[in-house]
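>>> Turn this into a structure:
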Amino acid sequence: MVTTMDKTLAFNDAQYEVINMLSCLDDEADFRALKSMLVKFIDGCMQKELDKLYASGKLSDAKLEDLSRQHLRTPYKDRV
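Residues are numbered from 1 along each chain as shown. Here you go, the predicted structure:
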């Protein structure tokens with residue numbers, strides 16, 4: 001468990017395992033190689049989920065085009 005200024009973070013077993021593995025990295029090149037593998041893994045997971053959304057009809061090129069035209073930004077609150 002890690003405590004930050006505003007909240008406490010609880011790690012699951014997989015996250016602890018990854019942190020333990022990171023402790024053996026010796027240099028920047030090792031870190032970059034691991035980061036590249038993780039990015040490719042997450043990209044593959046996200047692509048599978050997108051494929052499911054397209055196959056189910058929940059997502060389409062037309063829906064993405066419509067989303068690209070929307071202004072979804074959270075408005076700023078007035079500051080005093």
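
>>> use CA for all of it now, contacts and neighbours both
Noted.

>>> Show the pLDDT at the residue positioned nearest the centre of the chain.
In the chain, the residue lying closest to the centroid (CA atoms, centre = their mean) is I42, at 7.5 Å. pLDDT recorded at I42 is 96.

>>> Next: K7.
In this model, K7 carries a pLDDT of 73.

>>> Could you report the neighbour count for it?
8 (other CA atoms under 10 Å).

>>> Equivalent analysis for the one 5 residues further on, please.
When counting by other CA under 10 Å, one arrives at 9 neighbours for N12.

>>> Ok, D51 next?
12.

>>> tell me which element it falls in.
In this assignment (DSSP states H and E), D51 forms part of helix 28-56.

>>> Quickly note the distance from the residue nearest to the centre of the chain to E49.
Counting by CA to CA, to the nearest Å, the separation of I42 from E49 is 11 Å.

>>> Next, count neighbours for K63.
Count around K63 with other CA under 10 Å applied: 11.

>>> Secondary structure class of it, three-state.
Three-state assignment for K63 (DSSP: H, G, I helix; E, B strand; the rest coil): helix.

>>> Tell me which residues touch it, please.
Applying CA atoms under 8 Å, 6 or more residues apart in numbering to K63 gives no contacts.

>>> State the pLDDT value of it.
Value listed for K63 in the pLDDT field: 94.

>>> Distance check, it against D43.
21 Å.

>>> Give me the helix or strand of this protein that scores worst on average pLDDT.
One helix or strand of the chain scores below all others by mean pLDDT, DSSP states H and E: strand 2-3, with a mean of 61.

>>> Can you get me a residue count around S60?
So S60, with other CA under 10 Å, has 14 neighbours.
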